[in-house]
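Enquirer: Have a look; sequence and predicted model below, questions after that.
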Amino acid sequence: MTETYVVRIVSYGTLVLAVVVGAAHALGFLEPVMTWLKDYGPVLAAVLFSMIAIILNHVSARLDGLQSNLDRVDSVNLSRRLQQLQDKLEAINLPEIRQFNSPHDIYQYWTQRLEKAKRSVDDLTWGHYPPHYTATDKEALKTYVAYIPEVCGRNIRYREVMTFPNIERVTRARDMLDHKIHNYHLRYYDLGNHKSMPPLMQFSVIDSEEVFIFFYREPGSESGSDELRLAIRHPVIVKLFADYFDSIWRVATKLKQGDDVDKNLLDKIQAAVEKYSPPQKPAPASPASASQSKTT
């Protein structure tokens, strides 16, 4: 016999006894036995309290079980709702965006990102030569460029498309070709003298996972203080820039593919650049400084 049946029998028995005692008292049948009841009153009270305790204990157990079930149901519902929310957030696939305050900052992060590159780098270096306003900007650029051979040495494909607005970029291209790095590939997109063209956005895609976007205001960047320099992780956005790079790569002219290098073409490019953008000569010394140098 289970606990439920025992409690039911005790409850019903107590109820019947209470009805019988109440009826007997109303009809005067209890008068002859009142003396006996006085002698066993404490025992009867103890039995009554025990019955009440049994009933209350059963009710409490049932309430605890009900609360436990409710807690378990609430926990399951909460867990399911949290999982549904996480699934929805993952479906939205929000882009991860980093913003940089200066060329130095983006070059620094870019170099750090190159250290973790695993498969490929696509670099669109075209348009006007980017401004570097401080010595730290220039130093960060040198560090990034100097790291490219090491990246290619890890069997990572590095594709770069350049245009040549000035001698500085020609010098950079020649330095890269002189390294004779098999995994570095360079192509040339002819934009003439860069005089009549809109600002062109430069960008780089690493491992088809992250795109760096910068230097889109030249010419007339107004110190570049408001220009956005971004690193973005989002499969659709990165795929857009990767596809755009591929479309430019296909129509660009080869300067280096593997070990095949066309230095004659680079010589012709340099001769053309020197005509429309000759190297800047150092400013002549002032008369005062000249006379001072003679005396020293």
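Expert: On my side now, so go ahead. Numbers count the residues shown, from 1 in each chain.
Enquirer: any idea how far residue 216 lies from residue 262?
Expert: 29 Å (Cβ to Cβ, to the nearest Å). For the C-beta atoms, the positions are set from N, CA and C on the backbone; glycine is no exception.
Enquirer: Buried ones in stretch 120-136, by neighbour count?
Expert: When neighbours are counted by 16 or more other Cβ atoms under 10 Å, the buried residues of stretch 120-136 are found to be 120-132.
Enquirer: Just put the residues you listed in JSON lines and tack on distance to residue 156 and secondary structure.
Expert: What follows is the buried residues of stretch 120-136, written out as JSON lines (distance: Cβ to Cβ, whole Å; DSSP: H, G, I helix; E, B strand; the rest coil):
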{"residue": "120", "distance to residue 156": "6", "secondary structure": "strand"}
{"residue": "121", "distance to residue 156": "7", "secondary structure": "strand"}
{"residue": "122", "distance to residue 156": "11", "secondary structure": "strand"}
{"residue": "123", "distance to residue 156": "12", "secondary structure": "strand"}
{"residue": "124", "distance to residue 156": "17", "secondary structure": "strand"}
{"residue": "125", "distance to residue 156": "17", "secondary structure": "strand"}
{"residue": "126", "distance to residue 156": "22", "secondary structure": "coil"}
{"residue": "127", "distance to residue 156": "25", "secondary structure": "coil"}
{"residue": "128", "distance to residue 156": "28", "secondary structure": "coil"}
{"residue": "129", "distance to residue 156": "26", "secondary structure": "coil"}
{"residue": "130", "distance to residue 156": "24", "secondary structure": "coil"}
{"residue": "131", "distance to residue 156": "29", "secondary structure": "coil"}
{"residue": "132", "distance to residue 156": "26", "secondary structure": "coil"}
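Enquirer: out of these, who's nearest residue 158?
Expert: Out of the buried residues of stretch 120-136, the one with the shortest distance to residue 158 is residue 121. That distance is 4.7 Å, counting by Cβ to Cβ.
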